[in-house]
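A.B. asks: make a model of this:
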Amino acid sequence: MVEDGAEELEDLVHFSVSELPSRGYGVMEEIRRQGKLCDVTLKLHPKNCLGVRQFAETMMCAVLYDAANSFIHQHFVEVSMSEEFLALPLEDVLELVSRDELNVKSEEQVFEAALAWVRYDQEQRGPYLPELLSNIRLPLCRPQFLSDRVQQDDLVRCCHKCRDLVDEAKDYHLMPERRPHLPAFRTRPRCCTSIAGLIYAVGGLNSAGDSLNVVEVFDPIANHWERCRPMTTARSRVGVAVVNGLLYAIGGYDGQLRLSTVEAYNPETDTWTRVGSMNSKRSAMGTVVLDGQIYVCGGYDGNSSLSSVETYSPETDKWTVVTPMSSNRSAAGVTVFEGRIYVSGGHDGLQIFSSVEHYNHHTATWHPAAGMLNKRCRHGAASLGSKMFVCGGYDGSGFLSIAEMYSSVADQWCLIVPMHTRRSRVSLVASCGRLYAVGGYDGQSNLSSVEMYDPETDRWTFMAPMACHEGGVGVGCIPLLTI
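C.D. replies: Numbers count the residues shown, from 1 in each chain. This next block holds a predicted model:
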């Protein structure tokens, strides 16, 4: 029976549902009896996962169904190129392209998948294109892609409903004031919450307040910190960014001078390499990645707070100055949210701000957004799903534990449950569908502690503390699964 079960297991993982033998219930019962569900999930592949999911649904096996579903979301691009995907019925394709959890680099990949499905049987499926496009988040595509690829496609051009959806997406970029009138899901970036990422804590301070070159990495699943290769330069108040699996440490303060130098860490080779320097020296700046480019916003150059913004291309190894912010901002919270760079709070050396502005990199323009409920600088900022979050910081009179959440649909902020600890100079990063507040300063001492926020329960939980740092770190997250 064991050998028969092994053969039936091979049937399950090598064939689609339509090819499985009629003894399906026997296969599932034998797999359950032998405890082989883990073997099935380990053998999931982009070419068989849709069939396995359908089989699990038919056999009412929730564990296998959830595993296959998660695999499909994580590997959507590869799955969309399979024969199983092209053979799916309309309702299954609609369900997939509407999911928040798809792991894609851009919405353009979802469009290409849907169009490939239609063209596989164009005569029968052509009429379904408007319904498919209405479930794809076209406003999140690049304007150039909308004009040169989507709008020029012959199936789109021949359908007035499709053309209307393209016009709506183009208006999203050209007329920001109309965004609140769009369906919320159509402008909500996808977030594959089942993908874990390793969180790197870079530079920062020790208990004596000295700048460090130390780097350590946190595994959220194992709840464990581990030291890795140090930077070549000590850096506190450092900017950190992740592009194409590389971790960039940008600028900062070495204990004597503000820095313009940049170095990149490759976790596969465990090496740091110097790359192109910024045009300006700066520490306490905001650092984000948008469309494969690194942006640094504001900061402090040793004399004054800055409004200047620079962008770095990993392909050319060059920094370029772009449109400055409307205000000088040091120690602001910066994050990418709904395809825009949002800068919140900070200070100019005289006053601390509650104001928020966002940058449209397509038009190179800054626009105001609703201000936070509390003024703050040295706070953490991150986006997760359809919301943006800030936590901690300093308001001029005290160190903060309070946290806020922003919705672009309402264009307003609301309070969420505060952290357990007051944290200024805190870093906030998203991983596994949760937020991690790392380190900081509570008004008396630098912090090595870490708190995790779960948006589903609105609760903060202490995680394992950093092993080598005492606050003031920069953080970046490298996904364990790359597309």
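A.B. asks: and the helices in this structure?
C.D. replies: 2-14, 24-34, 37-42, 49-58, 62-74, 76-79, 83-86, 90-97, 107-120, 122-125, 129-134, 143-145, 154-157, 160-174 (DSSP state H).
A.B. asks: let me see the domain layout of the chain.
C.D. replies: With domains defined by automatic domain parsing, the chain comprises 2-187, 197-479.
A.B. asks: the last one: end-to-end distance?
C.D. replies: What it means is domain 197-479. Taking C-alpha to C-alpha, to the nearest Å, domain 197-479 runs 4 Å from one end to the other.
A.B. asks: run the chain-centre distance for it.
C.D. replies: 14 Å (C-alpha atoms, centre = their mean, to the nearest Å).
A.B. asks: wait, residue 293 sits on residue 315?
C.D. replies: No: contact criterion C-beta atoms under 8 Å: residue 293 and residue 315 do not qualify, at 9.3 Å. No exception for glycine: its C-beta is placed from N, CA and C like everyone else's.
A.B. asks: more crowded one of those two?
C.D. replies: Each of residue 293 and residue 315 has its neighbours counted (other C-beta atoms under 10 Å); residue 293 has more, 17 against 9.
A.B. asks: for the more buried one, which residues are in contact?
C.D. replies: Contacts of residue 293 were listed using C-beta atoms under 8 Å, 6 or more residues apart in numbering, and they are 311-314, 361.
A.B. asks: distance of it relative to residue 475?
C.D. replies: Distance from residue 293 to residue 475, counting by C-beta to C-beta, to the nearest Å: 19 Å.
A.B. asks: what comes up buried for stretch 413-427?
C.D. replies: Buried residues in stretch 413-427, counting neighbours by 16 or more other C-beta atoms under 10 Å, are found at 413, 416, 419, 421-427.
A.B. asks: pick out whichever of those sits closest to residue 226.
C.D. replies: residue 427 (17.9 Å; C-beta to C-beta).
A.B. asks: without its sequence neighbours, what residue ends up closest to the closest one?
C.D. replies: residue 475 (4.1 Å; C-beta to C-beta, 6 or more residues apart in numbering).
A.B. asks: try residue 203
C.D. replies: residue 235 is the one closest to residue 203 (C-beta to C-beta, 6+ apart), at 3.8 Å.
A.B. asks: and the pLDDT at that neighbour?
C.D. replies: Confidence at residue 235, expressed as pLDDT, is 96.
A.B. asks: gap between it and residue 392?
C.D. replies: Counting by C-beta to C-beta, the gap from residue 235 to residue 392 is 21 Å.
A.B. asks: just residue 362 next, same as before
C.D. replies: Taking C-beta to C-beta, one finds residue 362 at 32 Å from residue 392.
A.B. asks: more neighbours: which of the two?
C.D. replies: Looking at residue 362 and residue 392 with other C-beta under 10 Å, you find the greater number of neighbours at residue 392, namely 30 against 14.
A.B. asks: residues in contact with that one?
C.D. replies: Applying C-beta under 8 Å, 6+ apart to residue 392 gives the contacts 376, 378-380, 399-403, 419, 422-424, 426, 428, 437, 440.
A.B. asks: repeat for residue 308
C.D. replies: 280, 298, 321, 324.
A.B. asks: between those, which is closest to residue 466?
C.D. replies: Among those, residue 298 lies closest to residue 466 (C-beta to C-beta), at 26.0 Å.
A.B. asks: nearest spatial neighbour of that closest one, skipping sequence neighbours?
C.D. replies: residue 329 (4.0 Å).
A.B. asks: buried residues in stretch 135-143?
C.D. replies: Applying 16+ other C-beta under 10 Å to stretch 135-143 flags 135-142 as buried.
A.B. asks: test my guess that residue 179 contacts residue 411.
C.D. replies: No: the criterion here is C-beta under 8 Å, and residue 179 misses it with residue 411 at 9.1 Å.
A.B. asks: neighbour count winner among those two?
C.D. replies: Set residue 179 next to residue 411 and count neighbours by other C-beta under 10 Å: residue 179 wins out with 18 against 12.
A.B. asks: what pLDDT is listed against that one?
C.D. replies: Looking at residue 179, its pLDDT stands at 74.
A.B. asks: ok, now residue 209?
C.D. replies: At residue 209, the pLDDT value in this model is 80.
A.B. asks: contact partners for it?
C.D. replies: Residue 209 makes contacts with residue 446, as judged by C-beta under 8 Å, 6+ apart.
A.B. asks: and residue 476, by the same measure?
C.D. replies: 199-200, 202, 240-242, 247-248, 429 are the contacts of residue 476 under C-beta under 8 Å, 6+ apart.
A.B. asks: got a ChimeraX select line for the buried ones in those residues?
C.D. replies: Buried members of the contacts of residue 476 can be picked out in ChimeraX with the line below, counting by 16+ other C-beta under 10 Å:
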select :199,200,202,240,241,242,247,248,429
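A.B. asks: quick check, nearest of the contacts of residue 476 to residue 337?
C.D. replies: Looking at those and their distance to residue 337, the nearest is residue 429, at 14.1 Å (C-beta to C-beta).
A.B. asks: thinking the closest one is in contact with residue 200, fair?
C.D. replies: No: look at residue 429 against residue 200 with C-beta under 8 Å: they stay out of range, at 9.2 Å.
A.B. asks: burial of the residue nearest to residue 450 when sequence neighbours are not counted, as a residue count?
C.D. replies: Of all residues not flanking residue 450 in the chain, residue 463 sits nearest, at 4.4 Å (C-beta to C-beta, 6+ apart). Each residue near residue 463 was counted by other C-beta under 10 Å, and the total is 20.
A.B. asks: distance of residue 463 from residue 295?
C.D. replies: 29 Å.
A.B. asks: can you pull the contacts of the closest residue to residue 432 other than its chain neighbours?
C.D. replies: The spatial neighbour of residue 432 that comes closest, neighbours along the chain excluded (C-beta to C-beta, 6+ apart), is residue 196 at 4.9 Å. Counting by C-beta under 8 Å, 6+ apart, residue 196 makes contact with 219-221, 431-432, 479-481.
A.B. asks: mind redoing it with 10 Å?
C.D. replies: Counting by C-beta atoms under 10 Å, 6 or more residues apart in numbering, residue 196 makes contact with 219-222, 431-433, 477, 479-481.
A.B. asks: over to residue 463?
C.D. replies: Contact analysis of residue 463 by C-beta under 10 Å, 6+ apart lists 199, 218, 220, 223-225, 434, 436-438, 449-452.
A.B. asks: residue 272: neighbouring residues, count only.
C.D. replies: Residues near residue 272, counting by other C-beta under 10 Å: 19.
A.B. asks: with residue 220 instead?
C.D. replies: By other C-beta under 10 Å, 21 other residues sit near residue 220.
A.B. asks: do the same with residue 439
C.D. replies: Each residue near residue 439 was counted by other C-beta under 10 Å, and the total is 26.
A.B. asks: am I right that it is in contact with residue 425?
C.D. replies: Yes: using C-beta atoms under 10 Å, residue 439 and residue 425 qualify as a contacting pair, with a distance of 7.2 Å.
A.B. asks: what touches both of the two?
C.D. replies: With C-beta under 10 Å, 6+ apart as the test, residue 439 and residue 425 both reach 204-205, 380, 446-447, 471-473.
A.B. asks: which two among the residues you listed are spaced furthest apart?
C.D. replies: By the measure C-beta to C-beta, 205 and 380 form the most distant pair in the shared contacts of residue 439 and residue 425, at 16.1 Å.
A.B. asks: give me the more crowded residue out of the two.
C.D. replies: More neighbours surround residue 380 than the other of residue 205 and residue 380, with 28 against 24 (other C-beta under 10 Å).
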